[in-house]
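>>> Give me coordinates for this.
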Amino acid sequence: MNKILKGLYIAVGILALIVGGIGAALPILPTTPFLLLALYCFAKGSERWHRWFIKTKLYKKYLEDFVNHRAMTLKQKLSILLFADFMLMFPLIIIEKTSFRLFIILLILIKYYYFFFRIRTIKADDSIT
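Next comes the predicted model:
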């Protein structure tokens, strides 16, 4: 992979990490989706950034259970789902074509199915071993 693409991955990862960190402090912004994006970007962009990120408290608190055990707290799931729903409402409102609206509604339903039936829900204070 060329250096420009790796640099772009790292830059997007840093931006996602900053927004995710702000989301950890402010309940207005979702945390988990941005940290997942940061994890992905760091893994693609740099082994060093990836190793550093998985040692941070943010990773351990918000992502470690999901990455290692495919499990999330209900709060994490709802944070991701509601943020995605908010983003999907714009095209749902703007686009007038019925087939596109039905596609977006189907996408929302699939998203909820995946999160509630394919990812295990754990309590916030549980530790998975």
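
>>> how does the protein divide into domains?
Segmentation of the chain into domains, based on automatic domain parsing, reads 1-62, 70-129.

>>> could I get these as TSV with mean pLDDT and mean neighbour count?
All C-beta spots, glycine's among them, are computed from the backbone N, C-alpha and C. Formatted as TSV, those follow (pLDDT from 0 to 100; neighbours: other Cβ atoms under 10 Å):
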stretch	mean pLDDT	mean neighbour count
domain 1-62	92	16
domain 70-129	87	13
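
>>> can you tell me how far residue 13 sits from residue 77?
Per Cβ to Cβ, to the nearest Å, residue 13 is found 23 Å from residue 77.

>>> go on, residue 36?
Taking Cβ to Cβ as the measure, residue 36 falls 12 Å from residue 77.

>>> which residues of the protein fall in helices?
3-25, 32-45, 47-53, 57-62, 64-69, 74-94, 98-117 (DSSP state H).

>>> Tell me how far the residue nearest to the spatial centre of the chain lies from residue 96.
Most central in the chain under Cα atoms, centre = their mean is residue 33, positioned 1.9 Å from the mean C-alpha point. Distance of residue 33 to residue 96, given as Cβ to Cβ: 28 Å.
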